[in-house]
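**Student:** only geometry, no sequence info:
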């Protein structure tokens, strides 16, 4: 069978299944901190499970998801170094793009309203204990990398393959990252932009290292650092926003 047709069918199957899981879990509702942990865990299991089902006829589903140990065997320190460097680079790129977005959309004063709109979300995050939030973001980061930087990026590279490999790779990075970003629409368009940019950085890291493992390390570091900073800085942010008129 034509590899492009197979890849397209696999993408449709997983996309449909993931959105169905998101819809079903949203109807279930999230009650309390451990409800959030259950929600993320259930979404992670169902999403990764769908990817494994879609790849059932692949010679190696693990390799197809970018989780094979071949590219990283005997290179653990190098993989960790790439992961940490990728995390720092992703943070830096996102900071530059975010500042550009803010100034292009009218500057800090015009974006104060957006910050105030997110104040309630910040308060909710700060109220959740770190021993719950850190596992939540770790689980979310792992399954997101497996699904978006493993499954989607790999299948899109087959679907988008052209005579010039860099064209297909570039399209695959952009499309998989946009799909990843749109999954964060609940954070508003600013959040979609940030997660799309982060997804592109992590996808490029996967292509450079030929493995999802460095991206998972980078993603875990980014999410853990963000949650810790939010937890401790949110009271100061709330106070600053209340003083802004």
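**Tutor:** Now that the structure is in, tell me what you want to look at. Predicted model only: the values in this text are computed from it and were never measured. Numbering: from 1, shown residues only.

**Student:** distance from the host helix or strand of residue 81 to the middle of the chain?
**Tutor:** In the assignment (DSSP states H and E), residue 81 maps to helix 76-104. Remark: helix 76-104 is offset 13 Å from the chain centroid, using C-alpha atoms, centre = their mean, to the nearest Å.

**Student:** tell me which residues of that helix come out buried.
**Tutor:** 79, 82, 83, 86, 87, 90, 91, 94, 97, 102 (16 or more other C-beta atoms under 10 Å). To be clear about C-beta, it is placed using only N, CA and C from the backbone, and glycine gets the same treatment.

**Student:** for those, give me TSV that also has pLDDT and distance to residue 203.
**Tutor:** Listed next are those as TSV, based on pLDDT from 0 to 100; distance: C-beta to C-beta, whole Å:
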residue	pLDDT	distance to residue 203
79	91	17
82	93	14
83	94	14
86	94	11
87	92	14
90	93	11
91	89	16
94	89	14
97	89	15
102	76	24
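
**Student:** from those, which is closest to residue 209?
**Tutor:** Closest approach to residue 209 among the buried residues of helix 76-104 (C-beta to C-beta): residue 82, at 5.5 Å.

**Student:** distance check, the closest one against residue 136.
**Tutor:** Per C-beta to C-beta, to the nearest Å, residue 82 is found 25 Å from residue 136.

**Student:** so which helix or strand takes in residue 174?
**Tutor:** Using DSSP H and E, residue 174 sits in helix 165-182.

**Student:** packing partners for that helix?
**Tutor:** Counting contacts by 3 or more C-beta pairs under 8 Å, 6 or more residues apart in numbering; DSSP states H and E, helix 165-182 is packed against helix 153-159, helix 188-209.
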